[in-house]
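In: give the three-dimensional model of this entry:
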Amino acid sequence: MKNSVYLIVFCLFSYIGFAQDADAIVGVWEPSNGKVYVKIDKIDDKYYGKIVWLREPNDPETGKPKTDVNNPDESMQDVPLKGYRMLKDFVYKGDGEWEDGTIYDPQNGTTYDCVINLKDENTMDIRGYVGVKTFGRTDTWKRLEKKK
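Out: From the prediction side, this is the model:
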């Protein structure tokens, strides 16, 4: 009986530890270009990131908030960039890695397969790629704010 209790306690703490690791990317992050801040949240066991700040929030020509003008879907070109969900559907795979998601680049209107690797508590590598991870580009993001 005593061993059963220890096993249950061990499993409970193992589960809690796993959940905490999975949520380690939740918070506000800054890509290396410094043009946006992206807030990553967990929704129904997947991770999503939306733009919450833009260095240049307004279009210099119109003075209106910037929209997704490079989106190949014309119906999306009037959608404001602030609030735009650019990271979608990431699943925690363990060992500080989130996969099975996509990243959207509003500068060229392209969506890429993507993997996220947490390097330390405040640094992560995001690799967008086409088809195979080898054919892609990695960007390092810095944490600005943890989930509260």
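
In: look at I116 and give its secondary structure.
Out: At I116 the chain is in strand, as set by DSSP: H, G, I helix; E, B strand; the rest coil.

In: once you drop chain neighbours, what's closest to it?
Out: With Cβ to Cβ, 6 or more residues apart in numbering as the criterion, I116 has its nearest non-adjacent residue at 4.2 Å, and that residue is W98. C-betas here are computed from N, CA, C, even on glycine.

In: how much space separates the one you found from G83?
Out: Relative to G83, W98 is positioned 22 Å away (Cβ to Cβ, to the nearest Å).

In: ditto for N117
Out: Per Cβ to Cβ, N117 is found 26 Å from G83.

In: out of the two, which sits in the busier spot?
Out: Between N117 and G83, counted using other Cβ atoms under 10 Å, the more crowded position is N117 (17 against 11).

In: that one: what's it in contact with?
Out: 96-97, 124-125, 127 (Cβ atoms under 8 Å, 6 or more residues apart in numbering).

In: pLDDT wise, what is V132 at?
Out: As predicted, V132 sits at a pLDDT of 87.

In: any idea how far Y112 is from it?
Out: V132 is 12 Å from Y112, by Cβ to Cβ.

In: neighbour count winner among those two?
Out: Y112 (17 against 8).

In: list the contacts of that one.
Out: Neighbour list for Y112: 102-105, 128-130, 136 [criterion: Cβ under 8 Å, 6+ apart].

In: three-state assignment of it?
Out: With three-state DSSP as the basis, Y112 sits in strand.

In: so of the contacts of Y112, which ones are in helices?
Out: Nothing among these maps onto helices, per DSSP state H.

In: restricted to buried residues, select the residues you listed in ChimeraX.
Out: With 16 or more other Cβ atoms under 10 Å as the criterion, this ChimeraX line picks the buried residues out of the contacts of Y112:
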select :103,104,128,129,136
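
In: tabulate the contacts of Y112 (JSON lines), appending distance to E74.
Out: Shown next, in JSON lines, are those (distance: Cβ to Cβ, whole Å):
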{"residue": "T102", "distance to E74": "20"}
{"residue": "I103", "distance to E74": "22"}
{"residue": "Y104", "distance to E74": "16"}
{"residue": "D105", "distance to E74": "18"}
{"residue": "G128", "distance to E74": "23"}
{"residue": "Y129", "distance to E74": "26"}
{"residue": "V130", "distance to E74": "23"}
{"residue": "G136", "distance to E74": "27"}
